Each structure stands twice: as structure tokens, then as C-alpha cells.
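> 3D model of this:
(2 chains)
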Amino acid sequence: MRYLTFALAKGRLAGKAMDLLARLGVSCEEFYEPDTRRLIFTDEKNGFRFFLAKASDVPTYVEYGAADIGIVGRDTILEEGRRIYEVLDLEMGKCRMCVCGPESSRELLQRRQLIRVATKYPVIAKDYFYNRRQQTVEIIKLNGSVELAPLVGLSEVIVDIVETGTTLRENGLSVLEEICPLSARMVVNEVSMKMENERIKTLIRRLREQIRSERI
Amino acid sequence: MAAGGKMKQNIHTPEGVRDIWGKEYAERLVVTERIRDVFHRYGYQDIRTPSFEFFDVFSREKGSAASRELFKFFDRDGETMVLRPDMTPSIARFAARESEEELPLRLSYIENMFINRPHLQGRLKEFTQAGAELLDDGSADADAEILALTIECLLAAGLTEFQLEVGHVGFLQGLFEQAGLSSEVEEAVCGLLEKKNYFGVEEQLARCKVGEEYIQLFTGLSELAGSAAQLEAAASLNLGDRAGEATRRLLSVYRLLCYYGLERYVSFDLGMVGGYRYYNGMIFRGYTYGTGEPVATGGRYDNLMEQFGRKAQAVGFAVIVDSVMAALSRQKIAVEIPHPQALILYVESQAEEAIRYSRCLRAAGERVRLQRIDRTPGERVKAAYRYYAAGQDFEKLILFTQSGVEEAEL
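Numbers count the residues shown, from 1 in each chain, chains lettered A, B, ... in the order given. Next up, the predicted model:
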């Protein structure tokens, strides 16, 4: 049997996804070993292989077929815009992509003034402002601590993920507009979906049932 | 230029294009020749069209690549030229010029295509496609012939484990008409179906208040993928004229493919979305292990030629040779290449004999490489020559020196 290879987005999501798979009988003890230096974990029984990757690289691994399946947030999928199948909403890691800023920026937004937008997600920001709002903005790409930008005058607003909104509130920022809801997704390579159709379809069906049963 | 500084010469190729030579190129030639042979055995005529044409030929409605992904340049009159991103529009243009012949045209080609892809994708911008087009034939028989031809090309290339996934553009269009969706919703749903995102389809349709039965239908499309049995099941459902027609058409294509004895290489997916804008009937993609992308694509395009001034039905496909070669190497399928037979080395005084001898071998069809050397080699140098010749897959090494002729089998 060929291994089915999973690329998991590093961090909390990977742990949650492995727990979900464990409840379906996927046993991969190597993954839970503390301080392991191993890069690839296997579940011989099911013929599954797992590796951890930076979230923004997961769609790339899947598009090129280096991984058959990926588990990653919808934010990354939208930002990367790769040619991959998005087959299942895992309903975990739920949050929202929002335009945020100080209350004073709300008026600037509505008056459609030329404003500066700081974000880690330039593709999503561009699509939202250009295509949905038909508004010209200046987008500034940052790599972290985006909340800082309006505080120090780098930009008027930011586009970022909002989970609870605590960080925003602590810094005097609020959600001005919601762009879209986000959650973790299972993505599949186009060729794998065809060549390993039965195994992947079964996995999707079982995961969907598991997620539904846990929802209620 | 700084004093004494020499201009730095770029000896690497630009991103996305590369040199192919030696064993790799030999293998590729063997594979493309086998494919060309299949084309000929199906009675296809070779065609060659220009590498670049007027922009109009590949414009949005006709093209397979987005405008920004085309390599464009201007000629001396300021006309925009495009390096072809695929062959089908060029062939449609050519065939539109030809007056209708008594029988349909069958054309095949193996040529390079050019797509200006974004940077740092690790993808080739110049790649080879081997393809065929069957023009002026709207029958299911033509569809089946193109599928059979694709399968035989992949088999001839040496692949054994592959699948063609076959769909029909008319099926989804029929369902969209039936459900009365607006063109925006239709586009959104198409985008989601292309990503096999059925939960997204469900959300989208629920949001625009589409009847429950259609939501069921669209989200159930994944169940209408698989063998011909699923196709029969879909045909028995009442899905409206257009979708029903598409299903029945695929069933007759399947029946014909059974006569070819090649049905085990195809499966069906009625939820498949056509890749190129010009497809209007049967569409398909070929998949195999070891590549993340399809190795073949094809479909029917009955409305393309009309844009060039003549109405004609047509169907065609292309195999992406670079992907096939990658798949062969990753699946560890060896390609037998013809070996060079003799390496002949000679010193100056033996030139006449060596040249005459190699002429004889070459006349007999052997592959001979002839090289003058400066002096009669000693034992150590001879061993080095033997090692070199063996490394280059020569069968024998022949030395012409003053002390006579020495032949070593390798």
C-alpha cells in the first residue's frame, strides 16, 4: 500500500487535527513524543504519513503532490491561491478575517478615502478592497505584530485574523468590517484525489461523520 | 566597466527554461517518437504551426491561458504577438482557412508551448506537448477515438498505472439552467466545484435560496463520480434535457471505448468543470502517480472554429511530455535508449585506416564516435579510456596505433 502523506500546519492546529484523527483510530504515537527531532511520523496500520510544515507552505506541498492531503486554515488557502481541492471544513480553529483599526478610521473607510492597509495577507486584503469594495488602497505587507501598524502611524487600518478580539481591545482597536469566516480545512491534491480515490473518499466520509457527531 | 573588469557572462538559462541533452534527451526522444508512431497508426497527419502568432488568436474567449500569462511582444509594425500557450487555437485557425474536405481532418503535433508563469513556482515556462485534433466530426465516435488515442499515447510512453477522468461541460450547464441560477452564482458555484468544495457549494446555494432538491443535487455530485455504473445511475435520474443528453452522450462514448478494449483506463466525473474556456462537450484529464498535475488534458470545442470564420465541430487532446517524463522517472520506469556502439581512437599516422573502418561500420548502421588522440596511450591511459567509454554506454573501444589495432569489449 502506498503511504498517504499529510502535511499539517505547525502549531495548535496540528495537535487538534491529530486528536481528531486519533478518535477515528489513527494511531501515531511518534507524534506525541515530547522533544522529538523526527520530521516525519507514520501510522503503519493505516498507511498514513505525517509531517509538519509552516502553514503558508502546506498548500504548496499539496499542490505539487509532495503531500496528498493538507490540514491548514482557510486564511492560508485564500492567501496562497493554489490549485488544490478543498474538501472538508474541520470546524476547528474558528475565527474571522477582519478589517480592524481605531474607531477614528471607520469614517475614512466609509468615505472611501485612499487609506493604508497593513497586513500579513496582501492577497486577501487586495481582493477585498479592490474587488468587493471597489476601493483603492495602499497595501503594506508585514510579517507579524500587525496590530502595531495603526498605533505607530504606519497605516490607518489592518487586515488580520480575529479570534477573541482581546489583543485588539487591549490596544484600543476594534473590528470595523468582517471579510469572511475562517476555520481549518482539509485540502487534497488533484492527482491524489483521483489515484487514491477510495481511501481519500472514505477518510473524508468518516471525518465528516465524526465532526457531525461531535457538533451536537 | 571597471578597468580590467570583464563583462560577466550569463551562462545559466533564465528561470523556467532549461537545456535538455544527453541521456535525458535521448529518453525523451524515444518517448516522443513512440507517441508520434501512435498518431501515425491512427492515421493522423503531422502539422507544424508558427511558434508565435497575432494576439487575437489566443485572446480571452479562445485562449487557454490568462492574458497576463502569455509571452507577448511587438513586431516592427507594432502588432502584438504571442508565443503560443497551447496549440488548439492555432490549429483551429489553420483549419478554418482550409475549405471543407470530404472527410474530417486529423492532425497531430509535438511542439513546445510557452506560458509566462509567476516567479519561484518551480514550473517550466517552456514545455512540450504532444497532441492531436479531430476536426469536422461531432460524433461520439470522434470523442471515443480521442480518448483511445490519449490512452494509447500514455501506454506507448511506458505508463501503466493511469486514469482518464471524463466529464461533460453540458451536464453542469444543464443543471444550472434547470435551477435557474444567476450567472454570478453560477460562476461562484463553478469555482467551488472546481475545488471539490461541496460544503462551500451547500453554503452558497442556501444563501441564495435555491430549492432543497438542487442543493442535494449539487452536493451529491461527488457521488456521481466513478465507474460507468454511476453514469447509468445518473442517466436514470430526471435532471432535465441538457444534463440527460450529456450523460447519454458519455454512455455512448463509453460503449465505443469498450470496443477499443480500453475502458479500464477511464472513469467518469459529472461534476468536473472544464479547464479551458473553449470546451463545450466531453472534457477529460489524465492522472498518474508521481506528478502533482494532470499528464494529459483534452475535450470537445465545437464553438472555437466559428470564431475564426468557419463553423466546425472538433475534439482534441494534449499530453504534457515533461510531466510524462517526470512520472516515468518517479515511477522508476526505464526507457530503453539506443546505445552508441563503438568509440574509435587513433593516432595521426593511422588516420586513413581508422576513418575507412568507421565508414564501414557507419554504413552498416552502427553508431560510431571517432576521435584523434595525440600519442599512443600507455596501459594506465588505456584503462582511463575504457572507463570513460563504459561510462558513456559504448559497447566497445577500438584503438588504432602504430603497433596495430586493439579492440576491447566493454
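> Confirm B:Gly174 sits in a strand?
No: assessed with DSSP: H, G, I helix; E, B strand; the rest coil, B:Gly174 is helix; it does not lie in a strand.
> Please name the residues that touch the nearest residue to A:Asp43 once chain neighbours are set aside.
Spatial nearest neighbour of A:Asp43, chain neighbours left out: A:Cys28 (4.5 Å); criterion: C-beta to C-beta, 6 or more residues apart in numbering or on different chains. The way it works is simple: take the backbone N, C-alpha and C, and place the C-beta from them, glycine included. Counting by C-beta atoms under 8 Å, 6 or more residues apart in numbering or on different chains, A:Cys28 makes contact with A:18, A:21-22, A:41-43, A:48, A:50.
> Select only the buried ones of these in ChimeraX?
Applying 16 or more other C-beta atoms under 10 Å in any protein chain shown to the contacts of A:Cys28, the buried members can be selected in ChimeraX as follows:
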select /A:18,21,41,42,43,48,50
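> Identify, from the contacts of A:Cys28, the entry nearest to chain B.
A:Phe48 (17.2 Å; C-beta to the nearest C-beta).
> Surely the closest one and A:Val26 touch.
Yes: the pair A:Phe48 and A:Val26 qualifies as a contact (C-beta atoms under 8 Å) at a distance of 6.2 Å.
> ok, B:Glu69 - how many residues close by?
Close neighbours of B:Glu69, defined as other C-beta atoms under 10 Å in any protein chain shown, add up to 15.
> how near is it to B:Gly281?
When C-beta to C-beta, to the nearest Å is applied, the distance between B:Glu69 and B:Gly281 equals 25 Å.
> Check the secondary structure at the nearest residue to B:Lys23 once chain neighbours are set aside for me.
Of all residues not flanking B:Lys23 in the chain, B:Ile337 sits nearest, at 6.8 Å (C-beta to C-beta, 6+ apart). Following three-state DSSP, the label given to B:Ile337 is coil.
> can you pull the contacts of B:Ile337?
When contacts are counted by C-beta under 8 Å, 6+ apart, B:Ile337 is found next to B:23, B:26-27, B:30.
> Now the buried members of those residues.
If you count burial by 16+ other C-beta under 10 Å, the buried members of the contacts of B:Ile337 come out as B:26-27, B:30.
> okay if I get the contacts of A:Cys28 as TSV plus secondary structure?
Listed next are the contacts of A:Cys28 as TSV, based on three-state DSSP:
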residue	secondary structure
A:Met18	helix
A:Leu21	helix
A:Ala22	helix
A:Phe41	strand
A:Thr42	strand
A:Asp43	strand
A:Phe48	strand
A:Phe50	strand
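> Would you mark the buried spots in the helix or strand hosting B:Tyr214?
In this assignment (DSSP states H and E), B:Tyr214 forms part of helix B:212-219. Residues of helix B:212-219 classed as buried: B:214-215, B:217-219 (neighbour count, 16+ other C-beta under 10 Å).
> Which single one of those is nearest to chain A?
Proximity of those to chain A was ranked by C-beta to the nearest C-beta; the top entry is B:Thr219 with 11.5 Å.
> ok, and the closest non-adjacent residue to the residue in chain A that chain B sits nearest to?
Of the residues in chain A, the one nearest chain B is A:Gly65, at a distance of 2.7 Å by C-beta to the nearest C-beta. Leaving out its chain neighbours, the residue that sits closest to A:Gly65 by C-beta to C-beta, 6+ apart is B:Gly292, at 2.7 Å.
> Chain A contacts on the stretch 201-350 of chain B?
The stretch 201-350 of chain B comes close to chain A at residues B:222, B:226, B:267, B:287-294, as judged by C-beta under 8 Å from any C-beta of the partner chain.
> rerun that using 6 Å as the cut-off
By the criterion of C-beta under 6 Å from any C-beta of the partner chain, the positions of the stretch 201-350 of chain B lying close to chain A are B:287, B:289, B:292.
> Who are the contact partners of the residue of chain B found nearest chain A?
Using C-beta to the nearest C-beta, the closest approach of chain B to chain A is made by B:Gly292 at 2.7 Å. Under the criterion of C-beta atoms under 6 Å, 6 or more residues apart in numbering or on different chains, the neighbours of B:Gly292 are A:64-65, A:189, A:191.
> Now a ChimeraX select for only the buried ones of the residues you listed.
Selecting just the buried residues from the contacts of B:Gly292 in ChimeraX takes one command, with 16+ other C-beta under 10 Å as the test:
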select /A:64,65,189,191
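> Using JSON lines, lay out the contacts of B:Gly292 together with pLDDT and secondary structure.
As requested, these are arranged in JSON lines below (pLDDT from 0 to 100; DSSP: H, G, I helix; E, B strand; the rest coil):
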{"residue": "A:Tyr64", "pLDDT": "93", "secondary structure": "coil"}
{"residue": "A:Gly65", "pLDDT": "93", "secondary structure": "coil"}
{"residue": "A:Asn189", "pLDDT": "96", "secondary structure": "coil"}
{"residue": "A:Val191", "pLDDT": "94", "secondary structure": "helix"}
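> Out of the contacts of B:Gly292, flag the one nearest to B:Phe199.
A:Asn189 (18.6 Å; C-beta to C-beta).
> if I look at B:Thr291, how far off is B:Arg41?
Here B:Thr291 is placed at a distance of 26 Å from B:Arg41 (C-beta to C-beta).
> Give me the more crowded residue out of the two.
Counted by other C-beta under 10 Å, B:Thr291 and B:Arg41 do not tie: B:Thr291 has more neighbours, with 22 against 11.
> from what I can see the more buried one touches B:Ala327, true?
Yes: in this structure B:Thr291 lies within contact range of B:Ala327 using C-beta atoms under 6 Å: 4.9 Å.
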